[in-house]
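S.K.: How does the following fold in three dimensions:
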Amino acid sequence: MRLVINILAIIFFCYSLYCGFLFFMQRRLVFPRFLINTDTEKVQIIPGIEKKILHTGSGKVEMWYIPPVNILSDKLSPAVIFAHGNAELIDILPEELKEFSNLGVGALLVEYPGYGRSEGSPSQQSITEAFILAYDYLTARNDIDASRIIFAGRSIGGGAVCALSEKRTPAAIILMSTFTSLRPYALKFFAPGCLMRDKFDNLKTIRSYNGPVLITHGKNDEIIPYSHGIALSKVAKNCTMITYDSGHNDFPPDPVFFWKDIKKFLIKSGIIC
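M.R.: Okay, the predicted model is just below:
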């Protein structure tokens with residue numbers, strides 16, 4: 001019996017050390033910013049892009065604004081605040097997100113603290129702070145209709161915009177390949193969900209949000225299972241769910257059809273005509 005107790009004590013001690021290691025190292029797994037190369041070559045092809053700096057509690061954070069095209073000077077335009085995926089930077093987004101601009105929607109690309117040229121360290125708190133400041137900047141512009149601001153996020157970015165919507169209310173939310181919460185991912189490492197320092201409880205946020213929600217997900221997603229998108233769609237009060245025949249990193253499989261779906265949702269939600 002003593003031998004059994006000693007073995008169990010050793011197992012418990014080793015497991016506690018393992019959980020402690022995960023607790024302190026998890027942000028390097030959740031936010032692998034040191035593995036991403038900064039590349040600004042694609043920025044030059046977008047005319048009129050505005051580069052701004054946010055002064056946050058964790059330091060200077062970069063953001064870029066792509067103005068809409070074909071907007072009359074006396075008209076206020078809608079805008080989207082976009083949060084990118086985990087292995088991305090805002091540097092790679094302008095060419096893709098210029099489609100928002102073509103729809104008459106301004107696009108604000110906000111970097112995460114500690115990513116690219118931005119200072120600080122990424123966490124749910126520091127990211128939310130940066131996005132709140134970005135939202136306040138956007139609503140203060142004299143060319144933006146503050147009642148038509150969309151929050152859009154891809155992968156981990158879905159968590160960023162859901163966290164923002166707890167503090168500021170968007171006209172609509174667009175989630176691309178987004179998870180319900182980070183808690184379930186702790187189980188993959190045989191650790192309890194309570195150890196997650198940045199939970200990003202998107203399921204709770206979407207359940208309490210009354211506005212229109214667009215959820216897009218690849219049915220073959222190998223990183224964030226399709227079941228997460230389904231779960232989010234089931235709790236949303238006003239949801240459009242679109243499924244694509246894709247995985248996580250090849251999403252969307254057909255950008256042309258994807259942007260047609262985005263346009264339909266924005267029209268249906270009254271964001272654009």
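
S.K.: which SS class is I242?
M.R.: strand (DSSP: H, G, I helix; E, B strand; the rest coil).

S.K.: how many neighbours does it have?
M.R.: Using other CB atoms under 10 Å, the number of residues around I242 comes to 18. Heads up, the C-betas are built off the backbone N, CA and C, glycines and all.

S.K.: now do the one 3 residues further on
M.R.: Neighbouring residues of D245 were enumerated by other CB under 10 Å; the total is 12.

S.K.: With N142 instead?
M.R.: So N142, with other CB under 10 Å, has 5 neighbours.

S.K.: Kindly state the pLDDT recorded for it?
M.R.: Here, the pLDDT recorded for N142 equals 93.

S.K.: The one 3 residues further on too?
M.R.: The model reports D145 with a pLDDT of 96.

S.K.: which residues does the residue nearest in space to the middle of the chain contact?
M.R.: In the chain, the residue lying closest to the centroid (CA atoms, centre = their mean) is G157, at 1.2 Å. Contact analysis of G157 by CB atoms under 8 Å, 6 or more residues apart in numbering lists F82, A83, H84, G85, M176, T178.

S.K.: For the fourth one, give me the backbone phi and psi.
M.R.: Backbone torsions of G85, given as degrees, to the nearest 10, read phi -80, psi 180.

S.K.: Quick check, it in contact with R154.
M.R.: Yes - the criterion here is CB atoms under 8 Å, and G85 meets it with R154 at 4.6 Å.

S.K.: Spit out the residues that contact those two alike.
M.R.: Common neighbours of G85 and R154 (criterion: CB under 8 Å, 6+ apart): S177.

S.K.: buried stuff in stretch 264-273?
M.R.: The neighbour-count check on stretch 264-273 (16 or more other CB atoms under 10 Å) flags F265, L266, S269, I271, I272 as buried.
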